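Enquirer: sequence first, then the predicted structure:
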Amino acid sequence: MSVGSTLVRGAEIRFQEAADKLRPFVGCFWEITAGRNAVLQLVPDGSTTISAELQDGRAPAWWLRGPLLKPDARRFAAQTTVVGIRLRPGVAFILTGVAMDMLGIDGSISRASTHSGISSRSSLVRAHPRSTSRRSSNF
């Protein structure tokens, strides 16, 4: 199955439009239910997302991912649910004070990397200096 900028194998993806009042900020909400060994092939689309990964027996993990600049793949070793928000251009900066290009190519901010969440622009830039190296892609 192909949905927008994601090719899906072994998973189900659902989209929900944002309410009218949120549309200037949110492109859509989405949920992925991935089975064991599911594969998502991501095609660059210029969007920024906030997502949370939920697995039985594990604490939830979340990411703010900047725009993908090249194709990437995500494989799931266990059954996983990922929920997310596709942000409109500029909204991630409004929320964090960090320009997404400060994360480097295909960069992301995770809860683990900020320890207590997004606290300040300066702490994020120190934690994630601009780089040309490839970072793992998250949703």
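Expert: Nice, thanks for sending it over.

Enquirer: partners of the host helix or strand of Leu64 in the sheet?
Expert: Under the criterion of DSSP states H and E, Leu64 resides in strand 61-65. Sheet pairing for strand 61-65, assigned by DSSP bridges, gives strand 48-54 (antiparallel), strand 108-110 (antiparallel).

Enquirer: show residues contacting the longest one.
Expert: So the one you mean is strand 48-54. 60-67, 80-87, 89, 91-92, 100, 138-139 (C-beta atoms under 8 Å, 6 or more residues apart in numbering). Yep, even glycine has a C-beta here, placed from its N, CA and C like the rest.

Enquirer: what subset of these is buried?
Expert: 62-67, 80-87, 91-92, 100, 138-139 (16 or more other C-beta atoms under 10 Å).

Enquirer: if I look at Ser89, how far off is Asp45?
Expert: Just so we're on the same page, residue 89 is Pro rather than Ser. Counting by C-beta to C-beta, to the nearest Å, the gap from Pro89 to Asp45 is 12 Å.

Enquirer: can you name the residues in contact with the longest strand along the chain?
Expert: Ordering each strand of the chain by length in residues (DSSP state E) puts strand 26-42 first. Here strand 26-42 makes contact (C-beta under 8 Å, 6+ apart) with 5-18, 47, 68, 71-88, 91, 137, 139.

Enquirer: out of those residues, list just those in helices.
Expert: If you go by DSSP state H, the contacts of strand 26-42 have Val91 in helices.

Enquirer: show the buried residues in the contacts of strand 26-42.
Expert: 6, 8, 11, 13, 18, 47, 68, 72, 74, 76, 80-88, 91, 137, 139.

Enquirer: circling back: I'd like the strands paired with strand 61-65 written out as TSV, with distance to Leu22, mean neighbour count and mean pLDDT added.
Expert: Output for the strands paired with strand 61-65, formatted as TSV (distance: least, C-beta to C-beta, whole Å; neighbours: other C-beta atoms under 10 Å; pLDDT from 0 to 100):
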stretch	distance to Leu22	mean neighbour count	mean pLDDT
strand 48-54	13	19	90
strand 108-110	22	21	67
